[in-house]
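# this one's sequence-less:
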C-alpha cells in the first residue's frame with residue numbers, strides 16, 4: 001500500500017503531466033482497494049467500508065487499460081463503446097454477488113480488456129521512437145499477461161474462494177513488486193513518458209554525437225529524396241536505405257528531430273505534400289483519393305485521420321478553405 005500511495009502522490013504532484021498522468025494515481029487507488037478487499041484478516045467483511053472498496057476494486061481492469069493506453073499511445077482516441085464496456089465491467093463487479101450471470105459476463109469482458117491492453121502494447125511497438133518506453137514494453141507485456149489474465153481466470157473460475165492463507169501475502173507481494181518496478185521506471189523518465197502538449201508537434205531537438213549526426217543527415221537526405229512516398233514504409237526499410245542500425249535510426253529521429261512516433265514523422269512529410277496539391281488551383285480536379293495514394297497512403301481512411309490530426313479538418317475542407325474548387 002505504501003508503494004501504491006507513493007506512486008500516486010508523485011504523479012499527482014507533477015501537474016505538468018495532467019490530465020494524462022492522472023491515470024496512474026487512479027490505478028493506484030483502485031489497486032489499493034483491490035488489495036484491501038482481497039485481504040481476509042482486516043475485519044471488513046459485511047461493513048460499509050467493504051462495500052465501498054469492492055466498488056472501487058471493480059474498476060481496476062478499466063483503470064489498467066486506461067493507464068496502458070495513456071502510456072503507449074501519444075494521442076489515444078476513446079470511442080463511445082469504450083465507455084459502454086467500462087460501465088459493463090464496473091457494474092458487473094457490483095452485481096456479481098447477487099447475479100451469477102453478471103460475474104460470468106464481467107469475467108469474459110475483463111479478459112477481453114486485458115487482451116486489448118496487450119494488443120495496444122504490441123501493435124504500437126514498431127513505430128515507437130521513445131527508447132525508454134520501448135524497453136518497458138518488453139517486460140510489461142509478460143508481467144501484464146501473467147498478472148491480469150491470471151487473476152481474471154482465478155476469479156472467473158471462483159478459485160479464490162478456497163485459497164490457503166499463505167496466498168494472500170504472496171498476492172500482496174506480487175503487487176508490491178509490480179508497483180515498485182513500474183514506479184522506478186515511470187518516475188525516472190516521467191518527463192519523457194507522455195508529451196506535455198497534446199498538439200502533434202515534435203519537441204525541440206537534442207544534441208547528437210558525431211556518429212548519430214551523420215546518420216540523421218542520411219535520414220534527412222532520404223526523406224528529401226521522397227522515400228516517404230513508399231507505401232508501408234517502416235523503420236527497418238528506412239534503416240536499410242540509409243545503411244544504419246534500426247535502433248540508431250530510431251534514436252536520431254527521436255532525439256535529433258523530436259518525434260516520438262515513426263508514423264508521425266513520415267506523415268509530416270506526406271501531409272505537407274498533400275497540402276501543396278490541395279491548395280493548388282491547377283490541380284483542383286485531382287481526387288483526394290489519388291492524392292492519398294500519391295503521398296504514400298494505402299487507403300483513404302488513414303489519410304483522412306492523419307490529415308485531420310494535423311489540421312483539425314478533412315482534406316476536402318482544407319481545399320475549400322484555400323479557395324480551391326473542383327467545380
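Structure's in. What do you need? Values in this document were obtained by computation on a predicted structure and should not be read as measured data.
# Go through the longest helix along the chain and flag the buried ones.
The helix that spans the most residues within the chain, counting by DSSP state H, is helix 100-123. The neighbour-count check on helix 100-123 (16 or more other Cβ atoms under 10 Å) flags 102-103, 105-107, 109-111, 113-114, 117-118, 120-121 as buried. Backbone N, C-alpha and C define where each C-beta goes, glycine included.
# do the same with stretch 305-312
For stretch 305-312, burial by neighbour count (16+ other Cβ under 10 Å) applies to 306, 307, 310, 311.
# among these, which two are most distant?
Across the buried residues of stretch 305-312, no pair lies farther apart than 306 and 311, at 9.7 Å, counting by Cβ to Cβ.
# Look up the pLDDT of the residue nearest to residue 130 when sequence neighbours are not counted for me, please.
Closest residue in space to residue 130, ignoring its immediate chain neighbours: residue 260 at 5.3 Å, by Cβ to Cβ, 6 or more residues apart in numbering. As predicted, residue 260 sits at a pLDDT of 88.
# What number of residues are in the vicinity of residue 260?
21 (other Cβ atoms under 10 Å).
# Could you do residue 59 as well?
Per other Cβ under 10 Å, the neighbour tally for residue 59 reads 21.
# how close does residue 109 sit to residue 134?
To residue 134, residue 109 is 29 Å away according to Cβ to Cβ, to the nearest Å.
# same check, this time on residue 272
For residue 272, the distance to residue 134 - Cβ to Cβ - is 27 Å.
# Report the rounded mean pLDDT for the helix or strand harbouring residue 303.
When elements are assigned from DSSP states H and E, residue 303 belongs to helix 300-311. Mean pLDDT, computed over helix 300-311, is 92.
# For this protein, give me the ranges with low pLDDT.
Where the chain drops to pLDDT under 70, the residues are 1-3, 16-17, 38-50, 140-142, 144-205, 324-327.
# related to what we said a few turns ago, closest to residue 279 among the buried residues of stretch 305-312?
Nearest to residue 279 out of the buried residues of stretch 305-312 is residue 311 (Cβ to Cβ; 11.4 Å).
# which residues does the residue lying closest to that closest one once chain neighbours are set aside contact?
Excluding its sequence neighbours, the residue lying closest to residue 311 (Cβ to Cβ, 6+ apart) is residue 318, at 5.8 Å. Counting by Cβ atoms under 8 Å, 6 or more residues apart in numbering, residue 318 touches 275, 278, 279, 307, 311.
# residue ranges of the strands in this protein, please?
For the chain, applying DSSP state E gives no strands.
# residues of stretch 209-223 that come out buried?
Judged by neighbour count using 16+ other Cβ under 10 Å, the buried positions of stretch 209-223 are 212, 215, 216, 218, 219, 223.
# From these, pick the one nearest residue 248.
Among the buried residues of stretch 209-223, residue 215 lies closest to residue 248 (Cβ to Cβ), at 5.4 Å.
# neighbours around the closest residue to residue 221 other than its chain neighbours, how many?
Leaving aside its sequence neighbours, residue 221 sits nearest to residue 242 (Cβ to Cβ, 6+ apart; 7.9 Å). Here the count is done by other Cβ under 10 Å, and residue 242 has 21 residues near it.
# Residue 248 is in contact with residue 242, correct?
No. Between residue 242 and residue 248 no contact is recorded; they are 9.5 Å apart, counting by Cβ atoms under 8 Å.
# got any residues that touch both of the two?
residue 215.
# Quick check on residue 280: phi, psi?
Note on residue 280: backbone dihedrals following degrees, to the nearest 10 are phi -100, psi 110.
# Likewise for the one 5 residues further on?
The main-chain torsion angles of residue 285 are listed as degrees, to the nearest 10 and equal phi -90, psi 0.
# For residue 73, give me its contacts.
120, 124.
# how near is it to residue 301?
Distance of residue 73 to residue 301, computed by Cβ to Cβ: 18 Å.
# re the thing from before, dump the contacts of residue 318 into a markdown table; add distance to residue 294 as well.
Formatted as a markdown table, the contacts of residue 318 follow (distance: Cβ to Cβ, whole Å):
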| residue | distance to residue 294 |
| --- | --- |
| 275 | 13 |
| 278 | 12 |
| 279 | 15 |
| 307 | 14 |
| 311 | 18 |
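# for these, which one is nearest residue 89?
Looking across the contacts of residue 318 and measuring by Cβ to Cβ, the closest to residue 89 is residue 307, at 34.2 Å.
# burial measure for the nearest residue to the closest one once chain neighbours are set aside, as a count.
Using Cβ to Cβ, 6+ apart and skipping the chain neighbours, the partner closest in space to residue 307 is residue 315 (5.1 Å). Using other Cβ under 10 Å, residue 315 is surrounded by 23 other residues.
# Residue 315 against residue 300, yeah?
No. Using Cβ under 8 Å, residue 315 is not in contact with residue 300; the gap is 9.0 Å.
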